[in-house]
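Trainee: Here is a sequence with its predicted model. Questions after.
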Number of protein chains: 2
Amino acid sequence: MSEITATVCVDAHGGDEPPEVVLAGVERALGEDEHLRVLLVGFEDVVTPFAQAHERCDAVTCTQSIAMDEHPVEAIRTKRDSSIVVGCRQVRSGAAQAFFSAGSTGACMAAATLGIGRAKGVDRPALASVLPGATPTVMLDLGANADCKTLNIVQYARMGVAYSRIVVGVREPRVGLLNIGSEDTKGSMAAQERFAALREQVPEFVGNAEGTDILGDRFDVIVTDGFTGNVALKTLEGTAKFAMRMLKEALTSSTAAKLAALTLKPALSGIKTRLSGDRMGGAVLLGVKGVVVIGHGATSPEAVKNGTLVAARAVRDGLLDDVARQIGSQG
Amino acid sequence: MSEITATVCVDAHGGDEPPEVVLAGVERALGEDEHLRVLLVGFEDVVTPFAQAHERCDAVTCTQSIAMDEHPVEAIRTKRDSSIVVGCRQVRSGAAQAFFSAGSTGACMAAATLGIGRAKGVDRPALASVLPGATPTVMLDLGANADCKTLNIVQYARMGVAYSRIVVGVREPRVGLLNIGSEDTKGSMAAQERFAALREQVPEFVGNAEGTDILGDRFDVIVTDGFTGNVALKTLEGTAKFAMRMLKEALTSSTAAKLAALTLKPALSGIKTRLSGDRMGGAVLLGVKGVVVIGHGATSPEAVKNGTLVAARAVRDGLLDDVARQIGSQG
């Protein structure tokens, strides 16, 4: 574990679960990383007792929280004292270097973009995640921007390269463009234009990727617009869930199956963990002046721990500097 | 089984497998459906002996075949005596009512569109498939057109309704637009325009669908452009394959696991069949003047049988008439 202190602000009220789930995750993170400091933002009765009972944890109180189904931009405009808005303010002021929330993705993106601000040279921040397939693949944009220009795709690629290097640890990331065929000439008019720009401006670009490559081993970074990326991510999640449900049905289809399933439980639970996304701690918003990690709404102590530790690692390993370097290298 | 004769032309050389796999599938189809007639198109030494040995099967000979990796349009222009081009010619001439091939999707689409011709009122044929999730969902376009206009999406919806009614048997299909959020106002500018047109022009339209809905039970038809549809389909296939590979690893991870897996084999093989797509026999090209079913390249006798029988059923149940009726109803 690194000896550099990293301060992560954690949203106690993020997600569909009660704050206790987040607190349990923060406790685990503090236990695993002895140079981690946490600013816990939330209602006084939730965060103050916890901070008093834990070393390296301070409380930041607020009086509002944003529900998962609120309109993101409206919520962050009207709820100035919500945990998400106050949390991003901690990063802006320098009190924390990173923000982690399992709350509304839209509200976190809006609060971070408006409250922390865009990084120099970045036109549009993008949502990225590490997909744990045959090899870990960084995919972006997963839905920060429904529409985008070719220029944005090039920036996504550069930011994805930085993320793959710093957080996944790939020295020379191979970048692919999500498309509908692997040949160079394939795709929609937009895809063909993006292909040409990536080939010209991103040295790490190796060619077109397909949907089957997202969980494969041919690419370390896959870039696409936020519309296609979000559809692909949700299709992946839906398929994984469907496969797990069918597996569960098969394992409970008879008494013999149930007995056999007991033997297989340890081996099978690995599949669930791998496909659930808990391991990677969530998505990161690349292109803002701070490390912002957003977990799944349906979170768990393990997911909160991982999200917090990923944020701390990104701080220590200089993700922001590397993104700035990548963006700065653009023509 | 219906007593109406249906004549399906089957491509003996389609796909990555040797013709024997196709022949085995045709034999099964002829055995299951005693009112099926097959025109088997292929090299003389392959198709003639088979036709002589089987009732209700005639041979159509040709001298060329198109490989899976050939450029589709170029291949069908230069190989005028290939099984795909000759097969589509059987439909155009009226010798057969349907064509089934497990060959190159691109070559089949090009040969059908150019060789059989577009149906009246259809600007662009679309590739549709039935995805066997919680309930069967027809999704289109899966990649016939990388770019399309809002007008095309409306036509896809109408054709999808006909396919869901005729082939899946859903009396009142619910149509969804693949988008990145379920609320009416979500999505890219193109998605918002498509939403408005569907709401106005397609009575069966019920709202936005997400990637998680493809294998769900909320929609009977999901429409999208061929770029997004192809990415989603390949993401689904890649995720299913990845889940099956992890399952296989878990089941062979120890001697105890291997023993338990033996007990579970029948229950688990159901998952594989369901996710493999063999059951549905392939994709259908909607909007041409004939029934055209295209199987997976990596085919099996079961998949060939199912594809041939789906084509026969579509002929008997009047898919083309229903598509024409749906398209004719447009404003």
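Mentor: Noted; the coordinates are in hand. These numbers come from a predicted model, not from an experiment.
Trainee: near chain B, which residues of the stretch 1-150 of chain A?
Mentor: Contact residues, the stretch 1-150 of chain A versus chain B (Cβ under 8 Å from any Cβ of the partner chain): A:G133, A:A134, A:G143, A:A146, A:D147. The C-beta positions use only the backbone N, C-alpha and C, and glycine is treated the same way.
Trainee: what about the helices in the stretch 151-300 of chain A?
Mentor: Assigned by DSSP state H, counting those that start in this stretch, the helices in the stretch 151-300 of chain A fall at A:189-201, A:226-251, A:255-276.
Trainee: Just to check, A:T137 is in contact with A:V130?
Mentor: Yes: with contact defined as Cβ atoms under 8 Å, A:T137 counts as touching A:V130 (7.1 Å).
Trainee: Please say which of those two ends up with more neighbours.
Mentor: Higher neighbour count among A:T137 and A:V130: A:T137, with 28 against 22, using other Cβ atoms under 10 Å in any protein chain shown.
Trainee: and that one, which of the three is it?
Mentor: strand (DSSP: H, G, I helix; E, B strand; the rest coil).
Trainee: Would you check how far apart it and chain B are?
Mentor: 11 Å (Cβ to the nearest Cβ, to the nearest Å).
Trainee: swap in A:D220?
Mentor: Separation of A:D220 from chain B (Cβ to the nearest Cβ): 16 Å.
Trainee: Against A:Q97, how distant is that residue?
Mentor: Counting by Cβ to Cβ, to the nearest Å, the gap from A:D220 to A:Q97 is 25 Å.
Trainee: which of those two has more neighbours?
Mentor: Taking neighbours as other Cβ under 10 Å, A:D220 and A:Q97 compare with A:D220 leading, 25 against 21.
Trainee: Test my guess that that one contacts A:V175.
Mentor: Yes: with contacts counted by Cβ under 8 Å, A:D220 reaches A:V175, the gap being 7.3 Å.
Trainee: Report the buried residues of stretch A:217-225.
Mentor: Neighbour-count burial for stretch A:217-225, counted by 16 or more other Cβ atoms under 10 Å in any protein chain shown, picks out A:R218, A:F219, A:D220, A:V221, A:I222, A:V223, A:T224, A:D225.
Trainee: The second one reaches A:N208, doesn't it?
Mentor: No: contact between A:F219 and A:N208 fails when scored by Cβ under 8 Å: they sit 9.8 Å apart.
Trainee: Which of the helices or strands spans A:R313?
Mentor: Using DSSP states H and E, A:R313 falls within helix A:301-316.
Trainee: I'd like the next helix or strand past that helix.
Mentor: The helix or strand immediately downstream of helix A:301-316 is helix A:319-328, counting by DSSP H and E.
Trainee: Touching that next one from outside, list them.
Mentor: For helix A:319-328, contacts defined as Cβ atoms under 8 Å, 6 or more residues apart in numbering or on different chains pick out A:119-122, A:155, A:158-159, A:161-163, A:165-167, A:286-287, A:289-291.
Trainee: ok, now stretch A:203-210?
Mentor: Contacting residues not belonging to stretch A:203-210 are listed as A:157, A:161, A:172-184, A:186-187, A:191, A:195, A:198-199, A:218-219, A:221-222, B:231, B:234, B:238 [Cβ under 8 Å, 6+ apart].
Trainee: Go ahead and measure how far that stretch is from the middle of the chain.
Mentor: With Cα atoms, centre = their mean, to the nearest Å as the basis, stretch A:203-210 stands 22 Å off its chain's centre.
Trainee: now do stretch A:24-38
Mentor: Relative to the chain's own centre, stretch A:24-38 is displaced by 19 Å; criterion: Cα atoms, centre = their mean.
Trainee: wouldn't A:T63 be in contact with A:G42 here?
Mentor: No: at 9.9 Å, A:T63 does not count as touching A:G42 under the criterion of Cβ under 8 Å.
Trainee: and those two? which has more neighbours close in?
Mentor: Using other Cβ under 10 Å, the more surrounded residue of A:T63 and A:G42 is A:G42, with 27 against 13.
Trainee: what does the model give that one for pLDDT?
Mentor: A:G42 is assigned 97 on the pLDDT scale.
Trainee: List the residues that contact the residue lying closest to it once chain neighbours are set aside.
Mentor: Excluding the flanking residues, the one nearest A:G42 by Cβ to Cβ, 6 or more residues apart in numbering or on different chains is A:A12, at 3.0 Å. Contact analysis of A:A12 by Cβ under 8 Å, 6+ apart lists A:P19, A:V22, A:L23, A:L40, A:V41, A:G42, A:F43, A:V46, A:V47, A:F50, A:S83.
Trainee: repeat that for 7 Å
Mentor: With contact set as Cβ atoms under 7 Å, 6 or more residues apart in numbering or on different chains, A:A12 has these partners: A:P19, A:V22, A:L23, A:L40, A:V41, A:G42, A:V46, A:V47, A:S83.
Trainee: now A:V293
Mentor: The contact partners of A:V293, by Cβ under 7 Å, 6+ apart, come to A:A98, A:F100, A:G281, A:G282, A:V284, A:G307, A:V310, A:A311.
Trainee: One more pass at 10 Å, please.
Mentor: By Cβ atoms under 10 Å, 6 or more residues apart in numbering or on different chains, A:V293 lies in contact with A:8, A:10, A:98-102, A:108, A:167, A:280-285, A:306-312, A:314.
Trainee: Could you do A:G318 as well?
Mentor: Contacts for A:G318 (Cβ under 10 Å, 6+ apart) come out as A:A162, A:R165, A:I166, A:A324, A:R325.
Trainee: distance of it from chain B?
Mentor: A:G318 sits 32 Å away from chain B, going by Cβ to the nearest Cβ.
Trainee: Inside strands: which ones of the buried residues of stretch A:217-225?
Mentor: Counted as lying in strands by DSSP state E, out of those, are A:V221, A:I222, A:V223.
Trainee: Looking at those, spot the one nearest chain B.
Mentor: For those, the residue nearest chain B by Cβ to the nearest Cβ is A:I222; the value is 10.6 Å.
Trainee: List only buried entries from the residues of the stretch 1-150 of chain A next to chain B.
Mentor: Judged by 16+ other Cβ under 10 Å, buried ones among these: A:G133, A:G143, A:A146.
Trainee: Rebuild the residues you listed as a markdown table, extending it with secondary structure.
Mentor: A markdown table is the format used below for those (three-state DSSP):
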| residue | secondary structure |
| --- | --- |
| A:G133 | coil |
| A:G143 | coil |
| A:A146 | coil |
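Trainee: Any chance of those in JSON lines with pLDDT and distance to A:V91 as columns?
Mentor: Converted to JSON lines, these look like this (pLDDT from 0 to 100; distance: Cβ to Cβ, whole Å):
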{"residue": "A:G133", "pLDDT": "90", "distance to A:V91": "31"}
{"residue": "A:G143", "pLDDT": "92", "distance to A:V91": "22"}
{"residue": "A:A146", "pLDDT": "93", "distance to A:V91": "25"}
